[in-house]
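Asks: just coords:
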């Protein structure tokens, strides 16, 4: 596999699927288990930044903790890809549809430069 520039989501899902099939892990990857795995891994990413201000957080990503950040992002992506493949969810279509909904909630003219939720 190459980089983000030349790899499709389907190819990533195939990589994860092969990895899991070689280890006979399908039986451990029900929706609940994969959702727990995703929450756990994203919490591990969050832990890296705990009690850090914005400047310190940026320094972590650019500095000594970069590899740890990469690993936790990869772990989170693994569970997203695995969940989607195991449950027949098209991630590209899901993201596209969600962006359409978000565009309705957050029109450019009222949302630009604001971090407020649409119902605030």
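Replies: Happy to help now that I have it. Fair warning: this is a prediction, and the values are worked out from it, not measured in the lab. Numbers count the residues shown, from 1 in each chain.

Asks: From now on I want contacts and neighbour counts done on CA atoms only, so please keep to that.
Replies: Fine.

Asks: Just give me the neighbour total for residue 107.
Replies: By other Cα atoms under 10 Å, the residues close to residue 107 number 11.

Asks: in the host helix or strand of residue 104, what counts as buried?
Replies: Taking DSSP states H and E as the definition, one finds residue 104 inside helix 91-105. Within helix 91-105, the residues scored as buried using 16 or more other Cα atoms under 10 Å are residue 91.

Asks: need the helices for the protein, in chain order.
Replies: For the chain, the helices defined by DSSP state H cover 9-22, 31-48, 54-62, 66-86, 91-105, 108-111.

Asks: now those helices as JSON lines including distance to residue 1?
Replies: Formatted as JSON lines, the helices of the chain follow (distance: least, Cα to Cα, whole Å):
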{"stretch": "helix 9-22", "distance to residue 1": "8"}
{"stretch": "helix 31-48", "distance to residue 1": "23"}
{"stretch": "helix 54-62", "distance to residue 1": "24"}
{"stretch": "helix 66-86", "distance to residue 1": "14"}
{"stretch": "helix 91-105", "distance to residue 1": "19"}
{"stretch": "helix 108-111", "distance to residue 1": "37"}
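
Asks: Out of the ones you listed, which is the most enclosed?
Replies: When the helices of the chain are scored by mean count of other Cα atoms under 10 Å, the highest mean neighbour count falls to helix 66-86 (a mean of 18).

Asks: what helices or strands is that helix leaning on?
Replies: With contacts defined as 3 or more Cα pairs under 8 Å, 6 or more residues apart in numbering; DSSP states H and E, the packing partners of helix 66-86 are helix 9-22, helix 31-48.
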